[in-house]
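Undergrad: Just the structure for this:
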Amino acid sequence: MSIDTLRKRYQSAGQEHLFTFWSQLSKEEQASLVEQLEALDIERVNRIYTKAVASESGTLSPTSLSATIEPLPKGASESLGNPAKDQEWRKIGLDAIAHGQVGVLLMAGGQGTRLGSSAPKGCYDIGLSSHKSLFQYQAERIVRLQQVAEAEAKKPAGSVIIPWYVMTSGPTRQATENFFTSHHYFGLDPKNVIIFEQGTLPCLAHDGSVLLETPSRVAVAPDGNGGLYAATRSPISPSDKSHTVLSDLAKRKILYVHAYCVDNCLVRVADPVFLGYSIQKQVDCGTKVVPKAYPAESVGVVAYRDSKFSVVEYSEITKEQAERRDPETGELSFRAGNIVNHFYTTAFLNNVESFEEQLAFHIAHKKIPYVDLKTKEIVKPTKPNGMKLEMFVFDVFPFTERFAVLEVARREEFSPLKNAPGSGSDDPETSRRDLLAQHKRFLENAGATVKEGVEIEISPLVSYAGEGLESFRGRIFTKSGYVESVEELDVLA
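TA: Predicted coordinates for the structure are as follows:
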């Protein structure tokens, strides 16, 4: 595209100011700016801005929203706890895994900034004796689950594969790739770990004009975890435009995908129970939830908005709604806490593009450094001066034809890492505490006794969800330690 054509296009879009410093740029800087502007769908950016602003202004009236927000209807969700049902779902899920029908999609674009680290959050060590990172724990759960599926389906070792698709962001992709390489992919075959990158969108001033970060570079930010859907259609590598996550899923004949966020140390990666539940229900999309801890807990809930499944933010429901209880059970009516843990059919993932333009992006008002168009100086604002546009992964829920919700126990499946060490909630200490408490329950559920104050860390390579520890029935554990094999547990008893 010629520079004149490009300028006319941006002029028509009302964004010609991006060429303000054109005549002052070096040839290299001009080429860099042109590359960025050619790749940018500026008309789409304008449409996203217009829709996001309209959507935001529509949500400013809580009364208009509260009239359309209702709790999940009876029968829309089920809970774990019925041993026969749980076992039936587990068998269905393991069968799908054994037949190579399951893939895993990890959202890992965030940095550990709040944790005092610039590394990808998945690299973080929560203080366990093993010093394993979140990435390693999740990878080893996949390794173990492949073995469990092989054993139950009587398949040869190494024959079951669960491909792992790891979504990074611009700032974290290289560091993530280096971390996986230096740790030899944590025992997984590198060809079954596909690292890709979510997209970005320009940062905007409040009037919708695109901000310049430097005279020759547009300010951009990741497009939120809902950018997952567009990212699955984008080339994994610039060297092969045809190779995308969706094409890779198709090539491997994957029918079902489990998607989750990296910061949950208790996540059951490719959970066969959740997979089996969703497969049996024949849904396009499903989600795990945990009961809200208390009415005012700052967590979004899965509910009905305009008679469609949706995640409703805690700020969107009234105090009366938050405190309302089911007269039959006494439980909170709006109790289904969202933990960003989802099931999809690959058919549904392929279909998202057909309705993606209908999704409204969310506005995050931020302090965004920018170039003053008059003085050419870099301005670092002290209060929000612009907006980043984000899509959330759950924004597709209202567009699903068949949807199901599975409620699970918080203490078994959800302990997010959000805050700095010592914060007292959702921090490295609570993550470590919750994981070790679960490992204690694994042993106790197998019939063993763990003495007070004893901490035993059980490698995911030993047990995915408490299985394989039956031989320790009646044993009493008196020593703390970390075990990488069943035999090592003997030493601690």
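
Undergrad: which residues touch Val166?
TA: Residues counted as contacts of Val166 (C-beta atoms under 8 Å, 6 or more residues apart in numbering) are 106, 108, 176, 180, 193-196. (C-beta placed from N, C-alpha, C; glycine too.)

Undergrad: would you list the residues you listed in a markdown table and tack on pLDDT?
TA: Listed next are those as a markdown table, based on pLDDT from 0 to 100:
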| residue | pLDDT |
| --- | --- |
| Leu106 | 98 |
| Ala108 | 96 |
| Thr176 | 98 |
| Phe180 | 98 |
| Val193 | 98 |
| Ile194 | 98 |
| Ile195 | 98 |
| Phe196 | 96 |
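
Undergrad: Which members of those occur in strands, if any?
TA: Among the contacts of Val166, the subset assigned to strands under DSSP state E consists of 106, 193-196.

Undergrad: Who wins on neighbours among those residues?
TA: Taking other C-beta atoms under 10 Å as the neighbour criterion, Leu106 ranks highest of the ones in strands among the contacts of Val166 with 24 neighbours.

Undergrad: in the sheet, who's paired with that residue?
TA: Leu106 has the following beta-bridge partners by DSSP bridges: Val166, Tyr260.

Undergrad: Kindly provide the distance from it to Glu328.
TA: Counting by C-beta to C-beta, to the nearest Å, the gap from Leu106 to Glu328 is 38 Å.

Undergrad: Repeat that for Glu401.
TA: Counting by C-beta to C-beta, the gap from Glu401 to Glu328 is 29 Å.

Undergrad: Check the burial of the closest residue to Gln24 other than its chain neighbours by counting its neighbours.
TA: The spatially closest residue to Gln24, leaving aside those adjacent along the chain, is Pro215, at 6.8 Å (C-beta to C-beta, 6 or more residues apart in numbering). Residues within reach of Pro215, counting by other C-beta under 10 Å, total 17.

Undergrad: How about Ser485?
TA: Applying other C-beta under 10 Å, we find 10 residues neighbouring Ser485.

Undergrad: Pull the number of nearby residues for the residue nearest to it when sequence neighbours are not counted.
TA: Residue nearest to Ser485 in three dimensions, not counting chain neighbours: Val462, with 6.3 Å by C-beta to C-beta, 6+ apart. Counted by other C-beta under 10 Å, the residues lying close to Val462 total 21.

Undergrad: for Val462, helix, strand, or coil?
TA: Counting by DSSP: H, G, I helix; E, B strand; the rest coil, the backbone at Val462 sits in coil.

Undergrad: So it versus His131, what's the distance?
TA: Distance, Val462 to His131, by C-beta to C-beta: 17 Å.

Undergrad: what's the answer for Ser159, then?
TA: Distance from Ser159 to His131, by C-beta to C-beta: 32 Å.

Undergrad: what do you get for Ser239?
TA: Ser239 is 35 Å from His131, where distance means C-beta to C-beta.

Undergrad: So which of those two has more stuff around it?
TA: Of the pair Ser239 and His131, His131 is the one with more neighbours under other C-beta under 10 Å, namely 10 against 7.

Undergrad: Surely the more buried one touches Tyr124?
TA: No: counting by C-beta atoms under 8 Å, His131 does not reach Tyr124; the two are 10.7 Å apart.

Undergrad: The residue nearest to Gln24 is in contact with Phe19, isn't it?
TA: No: under the criterion of C-beta under 8 Å, Pro215 makes no contact with Phe19, lying 10.3 Å away.

Undergrad: all helices of the stretch 51-200 of the chain, in order?
TA: Ranges of helices in the stretch 51-200 of the chain, per DSSP state H, counting those that start in this stretch, are 62-66, 83-98, 134-152, 173-182.

Undergrad: Closest one of the contacts of Val166 to Ala409?
TA: Set against Ala409, the nearest of those by C-beta to C-beta is Leu106 (22.2 Å).

Undergrad: Spit out the contact partners of the closest one.
TA: Listed by C-beta under 8 Å, 6+ apart, the contact partners of Leu106 are 122, 138, 164-167, 259-262.

Undergrad: Generate TSV for those, with distance to Lys251 and pLDDT as supplementary columns.
TA: Converted to TSV, the contacts of Leu106 look like this (distance: C-beta to C-beta, whole Å; pLDDT from 0 to 100):
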residue	distance to Lys251	pLDDT
Gly122	26	97
Gln138	23	98
Trp164	15	98
Tyr165	13	98
Val166	18	98
Met167	18	97
Ala259	19	98
Tyr260	23	98
Cys261	26	97
Val262	25	97
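
Undergrad: Need the residues you listed in CSV (columns: distance to Gly468).
TA: Below are the contacts of Leu106 laid out as CSV (distance: C-beta to C-beta, whole Å):
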residue, distance to Gly468
Gly122, 26
Gln138, 19
Trp164, 22
Tyr165, 27
Val166, 27
Met167, 31
Ala259, 27
Tyr260, 23
Cys261, 27
Val262, 26
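
Undergrad: Could you list the low-pLDDT ranges of the protein?
TA: Scanning the chain for pLDDT under 70 picks out 58-67.

Undergrad: try 50
TA: Applying pLDDT under 50 to the chain picks out residues 60-67.

Undergrad: Name the residues that touch stretch 221-229?
TA: 105, 107, 109, 167, 169-170, 198-201, 203, 230, 259, 261, 340, 349, 352-353, 356, 359, 361-362, 366, 388-396.

Undergrad: Out of those, name the ones that lie in strands.
TA: 105, 107, 167, 200-201, 259, 261, 340, 362, 366, 388-390.

Undergrad: Selecting buried members of the residues you listed in PyMOL, what would you type?
TA: A single PyMOL command selects the buried members of the ones in strands among the contacts of stretch 221-229 (16 or more other C-beta atoms under 10 Å):
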select buried, resi 105+107+167+200+201+259+261+340+362+388+389+390
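
Undergrad: Does Leu332 touch Val290 like I think?
TA: No: the pair Leu332 / Val290 is not scored as a contact, 11.9 Å apart, by C-beta under 8 Å.

Undergrad: how much space between Val269 and Ala139?
TA: On the measure of C-beta to C-beta, Val269 and Ala139 end up 8 Å apart.

Undergrad: between the two, which one's more packed in?
TA: Ranked by neighbour count (other C-beta under 10 Å), Val269 and Ala139 place Ala139 first, with 25 against 21.

Undergrad: any idea how far the closest residue to that one other than its chain neighbours is from Thr5?
TA: Ranked by C-beta to C-beta, 6+ apart and with sequence neighbours excluded, the top spatial neighbour of Ala139 is Phe186, at 3.5 Å. According to C-beta to C-beta, Phe186 stands 49 Å off from Thr5.

Undergrad: and if you look at Trp89?
TA: Per C-beta to C-beta, Trp89 is found 57 Å from Thr5.

Undergrad: between the two, who's got more neighbours?
TA: Between Trp89 and Thr5, Trp89 has the larger neighbour count (other C-beta under 10 Å), namely 25 against 10.

Undergrad: Return the member of the contacts of Val166 nearest to Lys51.
TA: Nearest to Lys51 among the contacts of Val166 is Phe196, at 26.3 Å by C-beta to C-beta.

Undergrad: in terms of contact, does the closest one touch Thr168 like I think?
TA: Yes: between Phe196 and Thr168 a contact is recorded at 7.2 Å, counting by C-beta under 8 Å.
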